[in-house]
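*Asks:* just need the structure, nothing else, for what follows:
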Amino acid sequence: MARLRTLISLVLLVTVAFGAGFFAANRSVSPKAEAQSPETEEVFRPFWEAYDIVKGQFVDPVDDEVMMLGALEGMLEALGDENTNYFDPTELAAWNESLTGEFEGIGATVRQDEETGGLIIVSPLPGSPAESSGILPGDIIVQVGGKDITKLSQAEIINQVRGPAGTAVRLGILRDGEPEMIEITVIRDRIVMPTLETRMLDNNVGYIRLYQFSSEAANELRETLIEMDANNLNGLVLDLRDNPGGFLDTSLEVIRLFIDEGVILIEQLPNEQERVFEANSTAVAPEVPLAVLVNAGSASASELVAGSLRDLDRAVIVGTPTFGKNTVQIVNPLSNGGAVRVSIARWVTPDGSSVDSAGLEPDVMVELDPEAAAGQDNQLEAAIRALKGIKREQLQAPLYGHF
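*Replies:* Okay, here's the model as predicted:
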């Protein structure tokens, strides 16, 4: 399947762009935005000339708000950055809700499919209405309520799928092996997005799946590592598959759990400036051999953590290439109740590597076997095998070469 180049959504609705990893913050519009320079006024003169022409000559009544929103969205689209966009008040409310990890919907990790325009199911959340209704990974939603949605934006589709708990939504789905579209009705519910799950594997190997880089994820991970006595494990698998990202600060704190000292991330800012982030001697698991599981659903903060841990010779990466997102966003509220999300920086790993649209290349490439028996995970098995080749004394030296 072709790589999917739109913003990953964390869950049905939520524009995760938390999806796809982001640095969320709010700030007021500065006075500079209200008082434009003479040069800027001159550049925008044709815009206002065109507005006056349309207002005075267009054959039908003109709605100023519709034109304003069209101009706003067009301005942002002209930047050529899929992660810089406009949220209307409804979308902004959904965004804010997504930050809490709780929402009302069907409970599935999704992303938009370039080929069909629909939403492809990365995975239903465990115990969710999506899972109990029989929705499967790889399903592509192309209709909602009997109406085609393939010409809509990702946010518009998601808003149609979401809704109050207890209400029903009818989805038209394309599924491999089915000659025609199938329909599944799902009863929405209140979804609480889990932060992580953990278990012990054979041979004293720990396993932690981190679902999102929410505001509390680093604290929960810290507590889990302490409870597991991580430094005395034979190895640890950190599963970031289908983790679409989250808060930048959280991702930095996660890296610091495994790294005692040194540079862990570099941010490239406007005007060729840089911001360097370092470890702060707060690591609780600096010695445990570590394997990080990734796939095409691992985006932004997930790529940052995996790439930095590899650069710092702390982890081997196992799985398939990641999503490919290396920008940081900030959300700026507008006077109409909406907001503009804008990319403010790019990040690079400690050795200066940038994660482009091709994503991170794993050290151990393993495709998930769809034919494996229930409960079997060949990627996890590969991560465990990779751990067996890592000795503690090697943790200060390169584990695997990468290009």
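*Asks:* now stretch 142-149: average pLDDT?
*Replies:* Per-region confidence: stretch 142-149 scores 96 on mean pLDDT.
*Asks:* which residues belonging to that stretch are considered buried?
*Replies:* By 16 or more other C-beta atoms under 10 Å, the buried positions in stretch 142-149 come out as 142, 143, 144, 149. In short, each C-beta sits where N, CA and C put it, glycine included.
*Asks:* same question for stretch 87-106.
*Replies:* By neighbour count on 16+ other C-beta under 10 Å, the buried set for stretch 87-106 is 87-88, 91-92, 94-95, 97-99, 101, 103-106.
*Asks:* next one, pLDDT for residue 59 please.
*Replies:* Reported pLDDT for residue 59: 96.
*Asks:* do you know how far it is from residue 148?
*Replies:* 29 Å (C-beta to C-beta, to the nearest Å).
*Asks:* what of residue 273?
*Replies:* Here residue 273 is placed at a distance of 46 Å from residue 148 (C-beta to C-beta).
*Asks:* which residues in the stretch 101-250 of the chain form strands?
*Replies:* For the stretch 101-250 of the chain, strands defined by DSSP state E, counting those that start in this stretch occupy the ranges 102-105, 108-112, 119-124, 140-144, 147-148, 168-174, 182-187, 189-192, 196-201, 205-210, 235-239.
*Asks:* pairing partners for the first one, with directions?
*Replies:* For strand 102-105, sheet partners with direction are given as strand 189-192 (antiparallel), following DSSP bridges.
*Asks:* what does the strand it pairs with rub up against?
*Replies:* Residues outside strand 189-192 that contact it (C-beta atoms under 8 Å, 6 or more residues apart in numbering): 11, 101-107, 125, 128-129, 165-166.
*Asks:* map the structural domains onto the sequence of the protein.
*Replies:* Here the domain assignment for the chain is 103-192, 196-396, based on automatic domain parsing.
*Asks:* closest one to residue 83 among the ones you listed?
*Replies:* With C-beta to C-beta as the criterion, residue 83 lies closest to domain 196-396 of these, at 5.3 Å.
*Asks:* and residue 192, how many neighbours?
*Replies:* 14 (other C-beta atoms under 10 Å).
*Asks:* name whatever forms a beta bridge with it.
*Replies:* Under DSSP bridges, the beta-bridge partners of residue 192 are residue 102.
*Asks:* return the set of residues that bridge with the residue lying closest to residue 224 once chain neighbours are set aside.
*Replies:* With sequence-adjacent residues excluded and distances taken as C-beta to C-beta, 6 or more residues apart in numbering, residue 224 is closest to residue 198, at 5.3 Å. Beta-bridge pairing for residue 198 (DSSP bridges): residue 208.
*Asks:* list the residues that contact residue 198.
*Replies:* Under the criterion of C-beta under 8 Å, 6+ apart, the neighbours of residue 198 are 206, 207, 208, 209, 224, 228.
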